[in-house]
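>>> Structure for the following, please:
(2 chains)
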Number of protein chains: 2
Amino acid sequence: MTKVVRLGIIGLGNMGKGHLRYLMNQEVKGVEVTAVSDNAEAGREWAKENLSATVRIFSDPIALMDSGTVDGILIATPHYSHPELAIAGFERGLHVLLEKPAGVHTKHVREMNDAAGRAGKGLQFSMMYNQRTNPLYRKLRDLISSGELGEVKRTNWIITNWYRPQGYYDSGTWRATWEGEGGGVLINQDPHQLDLWQWTIGMMPTRVRAFCYFGKHRNIEVEDDVTAFVEYENGATGVFVTTTGEAPGTNRLEISGDRGKIVIEDGKLTFWRLRVPESEFNATFEGNFGEPECWKCDIPIRGDYPDHKGITQNWVNAILHGEELIAPGEEGIKGLMLSNAMLLSTWTDNWVDLPIDEELFYSHLQKQIQQSEAKKGVAQS
Amino acid sequence: MTKVVRLGIIGLGNMGKGHLRYLMNQEVKGVEVTAVSDNAEAGREWAKENLSATVRIFSDPIALMDSGTVDGILIATPHYSHPELAIAGFERGLHVLLEKPAGVHTKHVREMNDAAGRAGKGLQFSMMYNQRTNPLYRKLRDLISSGELGEVKRTNWIITNWYRPQGYYDSGTWRATWEGEGGGVLINQDPHQLDLWQWTIGMMPTRVRAFCYFGKHRNIEVEDDVTAFVEYENGATGVFVTTTGEAPGTNRLEISGDRGKIVIEDGKLTFWRLRVPESEFNATFEGNFGEPECWKCDIPIRGDYPDHKGITQNWVNAILHGEELIAPGEEGIKGLMLSNAMLLSTWTDNWVDLPIDEELFYSHLQKQIQQSEAKKGVAQS
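I've put the predicted structure just below:
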């Protein structure tokens, strides 16, 4: 077994450079960047100027994978290319750490997951779901999985603090286009929340009815305003509201359960805890009016928030020491499925059952790309 | 012109008795209770024991109206009877103060409004929308109508603090039945919020897509859990979430606009005010990332909350001095239209345009009544 994971970074955009920053500082143990690739000249120039001369620089990510200089790859390229690059990595026996989103449509991501399955348990495949290391959401997951909240009855996430001015969208011809990014706020800003929404409660919805608006606040062709309603198998329901067009936005997650209610807002987690479960109170209370006794509990949030480098360290530890992955790569399809379902529900103006009809979503997406009047452009690096 | 309004109270249930309490205390000026009616023996017995001997007691509300002892009536009977009693009042030249909801279906309420129109301007017709006197919501309305918040972009009301145990529903055979009440949480608990939701922002939705659940938390046949999504003519959207089945509930209203965001929660109104409107910032800002400067403002809530007696006093003042009504009776149809639309959207599993197809709603409601397996019972008093 290797002592140090030789890492290749594919894509030197904002995210790729961000990862290099803490890696070059040796803030992650057991890993060494040995190669980078970028299909844009500017990215490679940046690498020459900023990285050690021992780091190999490639324009072709496949050449990087075939070079024999890496044990694993961190993929930080535009969304569409995520699955195909990950598949290429698996086929070459490489460990894969994949930036979010897992891809643009679940059809492609399912092929990636199948390839990961064929590659076997020996290869570590992780999603860069850095917000899974946020102690706020870890605590929420703990309170739910341990039964403290009781059975979940309702979820409600208002996540509208993704403000983006028109200048942001105008900064790249590929931005906020069906061809370049494959979507808007759902695919670009919300992948973390869509993941946390199901990861913290341990339940995926069974069906979705969503209302996406395209270019409502900005001169773009993709969705920049979404409200989604979902049902879960246990009868619970949920709402997810998001936009890039409001200032100041809100980030408030409320989960109600049989034992009370949890709200995460302003970096705090508050648990309104019922002394007896609501279902028990209701079954035994004999009056007309009355409520179970409720305690407002400020829950301590302990532990650090290692963020991106926490996920990278976890993936490296999984490779070197078999540590359990925080964000197994195969789980990337879940948040993407929610995102795809919301678009499909809007396009069909109807309910969408989960798992979604992947071919139907894919054909709708192709139609959007063909009908696009946006300046054609595919994201670089 | 009369100096004192001679008032007849129709219905001596909880609400009727509640009104009598402050009226007997002479907390409202310019009015005197001269008659009451209740079709239940128990209500009339209560009146005999508790009211002055000068107050006439009727079993038949029409006899009360025809008695020549009243100038106006306060109707506090079961929902279904509201429009027909109000119409009877108008036809007899009586002023009408009507408890919420205006009725059970808009078809009936429109007939009532038509009758009020025929009766003419001389008769004062008010809804008992006592929460319109709450200084919190008056301030919200002020901040919106004065333009402080700018054009409304989104509304979001989580109003789930209407907890009711099964014992509440079991306390009357008419409760929470289609025949007895004509609905559940929307018709019984939420009329105030459905009114305030449109009154504070000065806009009714143009269409509604709602998800009602019937007997989800309790052994009842009507809706006890609702999520509704709405669109407004200016492109704004909104969400309304309500239930009687959660503890502890939430009462949080968020309205975002071009100049920021207002949240009402825990009896406080907070205005996150943008220094320049978002639309102006977006049109002039040249960077990729950035947001308009935002000030968190705690808005002082001054003035008292006269509640029910405030509405009663206002109606009396309108009769005696021509004071403008806080809650003109004809506006009762608005909140009811929202409630009807939410049920109709669920029954048809589709969008409902506003104004709704009143005949269609009526026929669906009749079907519910016919199919009902609830113990038959119509509310008394």
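>>> Give me the distance between the residue lying closest to A:Leu143 once chain neighbours are set aside and B:Gly249.
Of all residues not flanking A:Leu143 in the chain, A:Leu149 sits nearest, at 5.3 Å (Cβ to Cβ, 6 or more residues apart in numbering or on different chains). Yep, even glycine has a C-beta here, placed from its N, CA and C like the rest. Distance, A:Leu149 to B:Gly249, by Cβ to Cβ, to the nearest Å: 15 Å.
>>> the more surrounded of these two?
Using other Cβ atoms under 10 Å in any protein chain shown, the more surrounded residue of A:Leu149 and B:Gly249 is A:Leu149, with 23 against 20.
>>> the helices in the stretch 51-200 of chain A, which residues?
A:61-66, A:82-91, A:106-119, A:135-145, A:166-169, A:185-188, A:191-199 (DSSP state H, counting those that start in this stretch).
>>> burial of A:Ser256, as a residue count?
Using other Cβ under 10 Å, A:Ser256 is surrounded by 28 other residues.
>>> Doesn't it lie inside a strand?
Yes. Under DSSP: H, G, I helix; E, B strand; the rest coil, A:Ser256 falls within a strand.
>>> Quick check: beta-bridge partners of it?
A:Arg154, A:Lys261 (DSSP bridges).
>>> isn't it right up against B:Glu246?
Yes. At 5.1 Å, A:Ser256 and B:Glu246 qualify as touching, with contact defined as Cβ atoms under 8 Å.
>>> shared neighbours, these two?
Taking Cβ atoms under 8 Å, 6 or more residues apart in numbering or on different chains as the contact rule, A:Ser256 and B:Glu246 both touch A:153-154, B:160.
>>> With mean pLDDT and mean neighbour count as extra columns, can I get the helices of the stretch 51-200 of chain A in JSON lines?
Shown next, in JSON lines, are the helices of the stretch 51-200 of chain A (pLDDT from 0 to 100; neighbours: other Cβ atoms under 10 Å in any protein chain shown):
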{"stretch": "helix A:61-66", "mean pLDDT": "98", "mean neighbour count": "19"}
{"stretch": "helix A:82-91", "mean pLDDT": "98", "mean neighbour count": "23"}
{"stretch": "helix A:106-119", "mean pLDDT": "97", "mean neighbour count": "20"}
{"stretch": "helix A:135-145", "mean pLDDT": "98", "mean neighbour count": "18"}
{"stretch": "helix A:166-169", "mean pLDDT": "96", "mean neighbour count": "18"}
{"stretch": "helix A:185-188", "mean pLDDT": "97", "mean neighbour count": "24"}
{"stretch": "helix A:191-199", "mean pLDDT": "98", "mean neighbour count": "23"}
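>>> Just send those back as JSON lines, with distance to A:Asp304 too.
Listed next are those as JSON lines, based on distance: least, Cβ to Cβ, whole Å:
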{"stretch": "helix A:61-66", "distance to A:Asp304": "32"}
{"stretch": "helix A:82-91", "distance to A:Asp304": "28"}
{"stretch": "helix A:106-119", "distance to A:Asp304": "29"}
{"stretch": "helix A:135-145", "distance to A:Asp304": "7"}
{"stretch": "helix A:166-169", "distance to A:Asp304": "30"}
{"stretch": "helix A:185-188", "distance to A:Asp304": "27"}
{"stretch": "helix A:191-199", "distance to A:Asp304": "18"}
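>>> and of those, who's closest to B:Glu41?
helix A:135-145 (52.8 Å; Cβ to Cβ).
>>> Which other helices and strands does the closest one contact?
Counting contacts by 3 or more Cβ pairs under 8 Å, 6 or more residues apart in numbering or on different chains; DSSP states H and E, helix A:135-145 packs against helix A:191-199, strand A:251-257, strand A:260-265, strand A:268-274.
>>> Only the C-alpha atoms, please, for it, written as PDB.
Presented in PDB, the C-alpha positions along helix A:135-145 are these (Å, rounded to 0.1, in the frame of the first residue of the first chain):
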ATOM      1  CA  PRO A 135     -21.000  20.600  12.300                       C
ATOM      2  CA  LEU A 136     -24.500  22.300  12.100                       C
ATOM      3  CA  TYR A 137     -25.700  19.800   9.600                       C
ATOM      4  CA  ARG A 138     -23.900  16.900  11.200                       C
ATOM      5  CA  LYS A 139     -25.700  17.700  14.400                       C
ATOM      6  CA  LEU A 140     -29.000  17.800  12.600                       C
ATOM      7  CA  ARG A 141     -28.300  14.400  11.100                       C
ATOM      8  CA  ASP A 142     -27.400  13.100  14.500                       C
ATOM      9  CA  LEU A 143     -30.600  14.400  16.100                       C
ATOM     10  CA  ILE A 144     -32.700  12.700  13.400                       C
ATOM     11  CA  SER A 145     -30.800   9.400  13.000                       C
END
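>>> can you give me the angle that helix makes with strand A:260-265?
With axes from the mean of the first three to the mean of the last three Cα atoms, to 10 degrees as the basis, helix A:135-145 and strand A:260-265 are set at 170 degrees to each other.
>>> hang on, the earlier thing: any of the shared contacts of A:Ser256 and B:Glu246 buried? List them.
Neighbour counting by 16 or more other Cβ atoms under 10 Å in any protein chain shown classes A:153-154, B:160 among the shared contacts of A:Ser256 and B:Glu246 as buried.
>>> Quick check: the residue of the stretch 1-150 of chain A nearest chain B.
Proximity of the stretch 1-150 of chain A to chain B (Cβ to the nearest Cβ) peaks at A:Asn14, 10.3 Å away.
>>> Need the pLDDT of that residue.
pLDDT for A:Asn14: 92.
>>> Now do it: how many residues are near it, please.
A:Asn14: 9 neighbours (other Cβ under 10 Å).
>>> Same question for A:Ala283.
A:Ala283: 11 surrounding residues under other Cβ under 10 Å.
>>> Quick check: which element contains it?
Element membership for A:Ala283, per DSSP states H and E: helix A:278-284.
>>> got the buried residues for that helix?
Applying 16+ other Cβ under 10 Å to helix A:278-284 flags A:278-279, A:281-282 as buried.
>>> returning to what we had before: would you list the buried ones among the shared contacts of A:Ser256 and B:Glu246 in TSV and tack on pLDDT and distance to B:Gly43?
Listed next are these as TSV, based on pLDDT from 0 to 100; distance: Cβ to Cβ, whole Å:
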residue	pLDDT	distance to B:Gly43
A:Lys153	98	38
A:Arg154	98	39
B:Thr160	98	33
